[in-house]
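1. missing the sequence, but the structure's below:
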């Protein structure tokens, strides 16, 4: 009964409607193939977004690293024509937040492992004192997180690292093959060091990119969104959508709220498309938050959800698709 009431509360607070009633609107891309890096076209994926005063800052993977751009008005499409590559080497798949204890911006990402210790990728941290200074980011520091072990053997791959802090601990989440979400922790005063052995936090039919938040409004509960692949049918090709799960504590247990393609947190079933060129993939998304610190506070009804998907070059269903960053806007 406790979890039934919790699920109902989260359902209401997030404004999630029945799948037949769209609650997101998707129009023109936030930034698309017109974007350039050093004068050349660039394809952006894995977007992250954070607000600092009156400006939105977007980070994304591109060209084997991380790029950045900022804008004040999300209604302008496309938001920018050029992006800046950060001096963080091969660190990509960014998460960015303001770490209050040290008064600095933190970028969590992943970097190819060259030591043989990690399963292909290693988690890393870059820091900056000024979000408006793209050259202020430090070189990546590999986080000494023990690789997860499956049946006493290391997993073959883990990706998409994410940090969230509560009053006492920093928690690191990461997805691996087989639809598993792992969690490691360290005391807040030890962060970014001292990570524990990862444990399985959740297992499901998702594929990657778990993004976790604390819900505001006095609920004290946590939400994670995660990318899954909808099954193919005679009328619908397979597509990516966003599942959601909730927990009372970051240690879990996690319970599904909108975890099916027919009833997603965000997916074809609950999006009204005003731009016919979108293919329908909603991958690696993050809601718009008014806060920006390590607690990852999220309002009950976020106004938008940034993601990457695929967009066709014409209305022909067989037209070429390209990666594209879009913004879902909440319907009233």
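-> All right, it came through fine. Computed from a prediction, not measured in an experiment: that's the story for all the values here.
2. measure residue 147 to residue 153 for me?
-> Counting by Cβ to Cβ, to the nearest Å, the gap from residue 147 to residue 153 is 10 Å. C-beta here means a position set from N, CA and C on the backbone, and glycine is covered the same way.
3. More neighbours: the two, which one.
-> Neighbours around residue 147 and residue 153, counted as other Cβ atoms under 10 Å, are more numerous at residue 147. The numbers are 20 against 9.
4. List the residues that contact the more buried one.
-> Applying Cβ atoms under 8 Å, 6 or more residues apart in numbering, we find residue 147 in contact with 117-119, 154-155, 158, 198.
5. how about a cut-off of 7 Å?
-> Neighbour list for residue 147: 118-119, 154-155 [criterion: Cβ atoms under 7 Å, 6 or more residues apart in numbering].
6. Model confidence score at it, please.
-> Per-residue confidence (pLDDT) for residue 147: 91.
7. and it, that's in a strand?
-> No - using DSSP: H, G, I helix; E, B strand; the rest coil, the assignment for residue 147 is coil, not a strand.
8. How far away from the center of its chain is the helix or strand containing residue 228?
-> Assessed by DSSP states H and E, residue 228 sits inside strand 222-230. Remark: strand 222-230 is offset 9 Å from the chain centroid, using Cα atoms, centre = their mean, to the nearest Å.
9. Stretch 209-216 now?
-> Taking the mean C-alpha point of stretch 209-216 and that of its whole chain, the gap between them comes to 9 Å (Cα atoms, centre = their mean).
10. measure residue 318 to residue 281 for me?
-> Summarising the geometry, the distance separating residue 318 from residue 281, computed by Cβ to Cβ, is 16 Å.
11. Please say which of these two ends up with more neighbours.
-> For the pair residue 318 and residue 281, the greater number of neighbours falls to residue 281 (25 against 7), based on other Cβ under 10 Å.
12. Roughly how far does the more buried one sit from residue 240?
-> Computed with Cβ to Cβ, the distance linking residue 281 and residue 240 is 4 Å.
13. what's the answer for residue 210, then?
-> Remark: distance between residue 210 and residue 240 (Cβ to Cβ) = 14 Å.
14. and if you look at residue 268?
-> Residue 268 sits 10 Å away from residue 240, taking Cβ to Cβ as the criterion.
15. Among those two, which residue is more densely surrounded?
-> residue 240 (25 against 21).
16. Test my guess that that one contacts residue 225.
-> No - Residue 240 sits out of contact with residue 225 when judged by Cβ atoms under 7 Å, with a separation of 12.0 Å.
17. On the three-state scheme, residue 305 is what?
-> Residue 305 carries the three-state label strand when classified by three-state DSSP.
18. which residues touch the closest residue to it other than its chain neighbours?
-> Distances taken as Cβ to Cβ, 6 or more residues apart in numbering put residue 328 closest to residue 305, at 4.1 Å, once the chain neighbours are dropped. With contact taken as Cβ under 7 Å, 6+ apart, residue 328 is in contact with 24-26, 266, 271, 304-305, 307.
19. Could you point out the helix or strand that follows the lowest-mean-pLDDT helix or strand in the chain?
-> Sorting the helices and strands of the chain by mean pLDDT, DSSP states H and E puts helix 2-13 at the bottom, at a mean of 42. Per DSSP H and E, helix 2-13 leads on to strand 24-26 as the next helix or strand towards the C-terminus.
20. other SSEs contacting that following strand?
-> Under the contact criterion of 3 or more Cβ pairs under 7 Å, 6 or more residues apart in numbering; DSSP states H and E, the helices and strands touching strand 24-26 comprise strand 271-273, strand 321-330.
21. Could you list the residues in contact with it?
-> Applying Cβ under 7 Å, 6+ apart, the contact partners of strand 24-26 are 266, 270-275, 278, 305, 326, 328-331.
22. Go again with 8 Å.
-> Looking at what lies outside strand 24-26 - Cβ under 8 Å, 6+ apart - the contacts are 266, 270-275, 278, 305, 326-331.
23. burial count for residue 55?
-> Neighbourhood size, residue 55 [other Cβ under 10 Å]: 13.
24. on that earlier part again, of all the helices and strands packed on strand 24-26, which one is nearest residue 45?
-> Closest approach to residue 45 among the helices and strands packed on strand 24-26 is made by strand 321-330 (5.1 Å; Cβ to Cβ).
25. circling back to that earlier point, highest average neighbour count across the helices and strands packed on strand 24-26?
-> Burial among these, expressed as mean neighbours by mean count of other Cβ atoms under 10 Å, is greatest for strand 321-330, which shows a mean of 21.
26. Thank you, goodbye.
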